[in-house]
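Participant: Please work out how this folds:
(one chain, ligands or ions: 1)
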Amino acid sequence: MARATTCIFNGKLISVAKAISIKETAPVRERKFLGFECLECGMPVNPHRAGGNAAAHFEHFDRNPNCKLSDPAR
Ligand SMILES: [Zn+2]
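Facilitator: Reported below is the predicted structural model:
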């Protein structure tokens, strides 16, 4: 399963590591949606740190079955 490790932010391609650092330095009230967009479908995505077996990646706020970068149901 493809997992997104880049996204669009302010019209530019950025890495998940960069997105996490942007998220962590943002004021808490602005963290819910900072404007990260899926490369494939343009829907809002949220950066997740690496954990367990998963590398750092982006997840869609709302799963998009038409997007190949969207996670399957967990
Ligand atoms: Zn997408």
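Participant: so is the residue sitting nearest the centre point of the chain in a helix, a strand, or just coil?
Facilitator: Nearest to the mean C-alpha position of the chain, by Cα atoms, centre = their mean, lies residue 58 at 2.8 Å. Following DSSP: H, G, I helix; E, B strand; the rest coil, we place residue 58 in the strand state.
Participant: May I have the residues that are in contact with it?
Facilitator: Applying Cβ atoms under 8 Å, 6 or more residues apart in numbering, we find residue 58 in contact with 3-7, 16, 19, 36, 38, 45-48, 69. C-beta: built from backbone N, CA, C; applies to glycine.
Participant: Filter those to keep only those in contact with the ion.
Facilitator: Residues of those in contact with the ion (Cβ under 5 Å from the ion): 38, 69.
Participant: Any idea which of the contacts of residue 58 the model trusts least?
Facilitator: The lowest pLDDT within the contacts of residue 58 belongs to residue 3, which sits at 84.
Participant: Can I take it that residue 20 is in a helix?
Facilitator: Yes: Residue 20: assigned to a helix according to three-state DSSP.
Participant: helix or strand for the nearest residue to it once chain neighbours are set aside, which one?
Facilitator: Nearest residue to residue 20, sequence neighbours excluded (Cβ to Cβ, 6 or more residues apart in numbering): residue 47, at 4.8 Å. Assessed by DSSP states H and E, residue 47 sits inside strand 45-48.
Participant: now the helices: where do they sit in this structure?
Facilitator: 16-25 (DSSP state H).
Participant: Brilliant, that's me finished.
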